[in-house]
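Engineer: Provide a 3D model corresponding to the input given below.
(chains A and B)
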Amino acid sequence: MKGLIGRKVGMTQLFRPAGERVAVTVLQVGPCVVTQQKTAANDGYEALQLAFEPVIDDETARGLSPERREKRLAKRCNKPQRRHFEKAGIAPHRVVREIRVDDAAATAVGTVLTADLFAPGDKVDIIGTTRGFGFQGAMKRHNFKGQGASHGAKIHRKPASAGATDAARVFKGKRSPGHMGHVRMTEQNLVVEVVDLEANLLVVRGAVPGPKGGLIMVVAEE
Amino acid sequence: MSELIKRVEARNRAELSIDPAAIIPFNIGDTLRIEIEVTEGQRVRNQPFQGVVIRRNGGGHTETFTLRRVASGVGVERVFPLLSPKIKSMEVVRRGKVRRARLYYLRTKVGKAGRIKEADRERS
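Structural biologist: Model prediction:
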């Protein structure tokens, strides 16, 4: 597999030469730095560890005195993490994720991966965390029908019956009100429409889980 | 809106040589005559459509407008993306004077009641 860490920017529409419109999602992906190789011999599996978004970006770093820089680093990145980045010789980053590969040793630590991993027409999977809706009722969460709004109905949006009476219990997995959203979700086979290397953008057809600015991972088979 | 999204949209417009500045200014209530490219099998031709602008929706790259006309006694409303490459020509036939942004009330008007006063001067 190959992949990148990124953020969802938002959605818009693009025109095709023939005139039809397609709904697309703009993603800001990479650059991601390889911080560690996980090998079968050492870790039991092959994967690359990628880091995304420096804790202090270059532009900010320029205006900071060494002491201020140190202070900010200490605040934003704990010691074990900093040591881990030091070991790899890479500036501390905010996000660290792993991606499974066949041969981790083939990609050196410090390699920078960018959107050029993908080309228009490629099919990619997008992994994200869906928007959190909090505690929601059965109608919104599970598309229950609910009950009448009028005609003397005394309940309106309740789940009503939880099952048969001769079972004398509620079966496991019974759909009920509860926390909705904020779960990891993979949207599969989205087609890449545009790759913009200058701005590190990837534009894919269709929708992507999560809010604007939400963290996502773009993965695809080699 | 995000600058990054604007960038993607601008690039899309550039690729298809869509120029928002070249679109004639028009307002709600104006009568517009446009030509839309339609493909019938192998043949590509321009189909005219004339109607009153009853709504403009959205802005920027994704703006659309709705034209309404009464054809053989039947009300027809069509929605067009403002920047669509399929729109081959656009012409304001008549400037209308209206006081609201959405002319949905025209749907309930029949015949003379559905007329719109002509604007006495050109608006931008």
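Engineer: Helices of chain B, start to end?
Structural biologist: For chain B, helices defined by DSSP state H occupy the ranges B:3-15.
Engineer: Just give the number of residues close to the residue in chain B positioned nearest to chain A.
Structural biologist: Nearest residue of chain B to chain A (C-beta to the nearest C-beta) works out as B:Lys86 at 3.5 Å. Every C-beta, even on glycine, is put in place using the N, C-alpha and C of the backbone. Residue neighbour count, defined by other C-beta atoms under 10 Å in any protein chain shown, stands at 18 for B:Lys86.
Engineer: Which residue is the nearest non-sequential neighbour of the residue of chain B most remote from its centre?
Structural biologist: Most distant from the centre of chain B: B:Leu4, at 27.3 Å, with distances by C-alpha atoms, centre = their mean. Leaving aside its sequence neighbours, B:Leu4 sits nearest to A:Val9 (C-beta to C-beta, 6 or more residues apart in numbering or on different chains; 4.9 Å).
Engineer: Show me which residues of chain A sit near chain B.
Structural biologist: Proximity of chain A to chain B is confined to A:9-10, A:12-15, A:17-19, A:21, A:24, A:26, A:28, A:194, A:196, A:199, A:201, A:203, A:212 under the rule C-beta under 8 Å from any C-beta of the partner chain.
Engineer: Tell me where the model's unsure across the chain.
Structural biologist: This is for chain A. A:59, A:61 (pLDDT under 70).
Engineer: The chain in question should be chain B.
Structural biologist: Judged against pLDDT under 70, the low-scoring parts of chain B cover residues B:120-124.
Engineer: Strands of that one, start to end?
Structural biologist: In chain order, chain B shows strands spanning B:31-40, B:43-57, B:64-71, B:74-81, B:87-94, B:96-97, B:117-118, with DSSP state E as the criterion.
Engineer: Quick one: closest of those strands to A:Ile127.
Structural biologist: When these are compared for distance to A:Ile127 using C-beta to C-beta, the nearest one is strand B:74-81, at 31.9 Å.
Engineer: For the residue nearest to B:Leu4, list the residues it contacts.
Structural biologist: Contacts for A:Val9 were tallied using C-beta atoms under 8 Å, 6 or more residues apart in numbering or on different chains; they are A:Thr25, A:Val26, A:Leu27, A:Gln28, A:Leu201, A:Lys212, A:Gly213, B:Ser2, B:Leu4, B:Ile5.
Engineer: ditto for A:Thr186
Structural biologist: For A:Thr186, the contact set (C-beta under 8 Å, 6+ apart) comprises A:Asp125, A:Ile126, A:Ile127, A:Pro209.
Engineer: can you confirm it is in a strand?
Structural biologist: Yes. Counting by DSSP: H, G, I helix; E, B strand; the rest coil, A:Thr186 falls inside a strand.
Engineer: Kindly state the beta-bridge partners for it.
Structural biologist: Under the criterion DSSP bridges, A:Thr186 forms beta bridges with A:Ile127.
Engineer: That one and chain B, how far apart?
Structural biologist: Separation of A:Thr186 from chain B (C-beta to the nearest C-beta, to the nearest Å) stands at 23 Å.
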